[in-house]
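[1] for reference, the sequence and a predicted model appear below.
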Amino acid sequence: MSDNWRPSASLSTLRRRAELLQEIRRFFEIRNILEVDTPTLSIAGNPDPNLASFSSFYCTPGIQQRLYLHTSPELAMKRLLAAGSGPIYQICKVFRNGEHGRFHNAEFTLLEWYRPGFDHHQLMTEMDDLFQALLQTPGAERVTYQEIVQRHAQIDPHLASISELRARTAEDGIVPNLDELDRDGWLDLLFSQLVAPHLGKAGRPTFVYDYPASQAALARIRPGIVPLAERFEVYLAGIELANGFHELGDAAEQRQRFAHQLSTRRQRGLAPIPLDEKFLAALELGFPDCAGVALGIDRLLMIRIGATNIEEVLAFPRTRA
């Protein structure tokens, strides 16, 4: 008889998961940050061409409406911020179609929080405090994207051409049949293969910040000779744990970025995604200067207990759901 009805995580691990969640909530309670709960289903999906949303239909007599499972609670939480919520956080399940692997499951747990009045550097400080509280890590290393790529890949990511990036990856035997990659695609490949494995070693988190403006996503762009996205990522033991931003609050620019993402989706033959007009309306009426970050709880627990596969910390991963 098959035993795939059993949880993939041990009962002791599930207890440690519960303890971790309690400690996270205590961290935010001490700082008077409000826990919120926003919808998992929305009429708008994530237009990011690199993320695939699950969708379903709401059916009632006379109505059939497509709904999307959120890939992040971000847009709904930002509507709360625009309504004057003050600092908030949320722990919730999120869903990303097609994700599977040692560090990926299609359904996973995300911690997301926002701090009005903070920029991304202040939020990095608070995130470092969280790691020290949960993992007893030493103070984090902070390094710019340009500096860390130059250190481990010996190339300037802001100035290198596509041909130079392709040649640099080939030097290390990375020769995928991916001539259709754009510049950001080659940067992502180079970073994941030559840089990320070296980050967050010896138990010390690495915060990488000031990404190329083309990788801003929902972050502000700081003008300069080389415009930079006020964005950061966090790595520990070579694993990406979090992605944060000094949040974009300009509704017109946000709509333009969404339009660019939809155009990219069309070019790749992906289905169109309806935009979150309620979120855009909230930005138009006024959005506080703030920073926000999303942290993967399952990966955090993996590091805390020394697990090597995400299924070790999930009761029922997709393969047993």
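    The structure has been received and is ready for your questions.
[2] now stretch 268-280 - C-alpha only, CSV.
    Output of stretch 268-280 as CSV, limited to C-alpha atoms (Å, rounded to 0.1, in the frame of the first residue of the first chain):
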residue,chain,number,x,y,z
ARG,A,268,6.4,35.3,-25.4
GLY,A,269,3.0,34.0,-26.4
LEU,A,270,1.7,34.1,-22.8
ALA,A,271,-1.9,34.8,-21.9
PRO,A,272,-2.9,38.4,-21.1
ILE,A,273,-3.5,39.2,-17.4
PRO,A,274,-6.0,41.8,-16.2
LEU,A,275,-4.4,44.7,-14.3
ASP,A,276,-5.3,45.5,-10.7
GLU,A,277,-7.1,48.8,-11.3
LYS,A,278,-8.0,49.0,-7.6
PHE,A,279,-4.3,49.0,-6.7
LEU,A,280,-3.6,51.7,-9.4
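[3] in it, which residues are buried?
    273, 275-276, 279-280 (16 or more other CB atoms under 10 Å). All C-beta spots, glycine's among them, are computed from the backbone N, C-alpha and C.
[4] and those residues as a markdown table, adding pLDDT, secondary structure and distance to Leu295?
    Output for the buried residues of stretch 268-280, formatted as a markdown table (pLDDT from 0 to 100; DSSP: H, G, I helix; E, B strand; the rest coil; distance: CB to CB, whole Å):
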| residue | pLDDT | secondary structure | distance to Leu295 |
| --- | --- | --- | --- |
| Ile273 | 90 | coil | 25 |
| Leu275 | 90 | coil | 26 |
| Asp276 | 93 | coil | 22 |
| Phe279 | 95 | helix | 21 |
| Leu280 | 95 | helix | 26 |
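[5] so is the nearest residue to Ala153 once chain neighbours are set aside in a helix, a strand, or just coil?
    Nearest residue to Ala153, sequence neighbours excluded (CB to CB, 6 or more residues apart in numbering): Leu194, at 4.4 Å. Here Leu194 is recorded as helix under DSSP: H, G, I helix; E, B strand; the rest coil.
[6] number of residues surrounding Leu194?
    19 (other CB atoms under 10 Å).
[7] give the bridge partners for the spatially most central residue of the chain, please.
    Nearest residue to the geometric centre of the chain (CA atoms, centre = their mean): Asn243, 4.4 Å. Assessed by DSSP bridges, Asn243 has beta-bridge partners Glu233, Ala294.
[8] residue ranges with poor pLDDT in this structure?
    Within the chain, the stretches with pLDDT under 70 are 1, 175-179.
[9] identify each buried residue in the helix ranked longest in it, please.
    In the chain, with assignment by DSSP state H, the single longest helix is helix 11-30. Neighbour counts over helix 11-30 (16+ other CB under 10 Å) mark 13, 16-17, 20, 24, 27-28 as buried.
[10] quick one: contacts for the residue nearest to the centre of the chain?
    217, 231-234, 293-294 (CB atoms under 8 Å, 6 or more residues apart in numbering).
[11] which strands or helices does the longest helix of the chain pack on?
    Here helix 11-30 touches strand 88-95, helix 120-135, helix 297-305, going by 3 or more CB pairs under 8 Å, 6 or more residues apart in numbering; DSSP states H and E.
[12] what's the next secondary structure element after it?
    Per DSSP states H and E, the first helix or strand lying C-terminal to helix 11-30 is strand 34-35.
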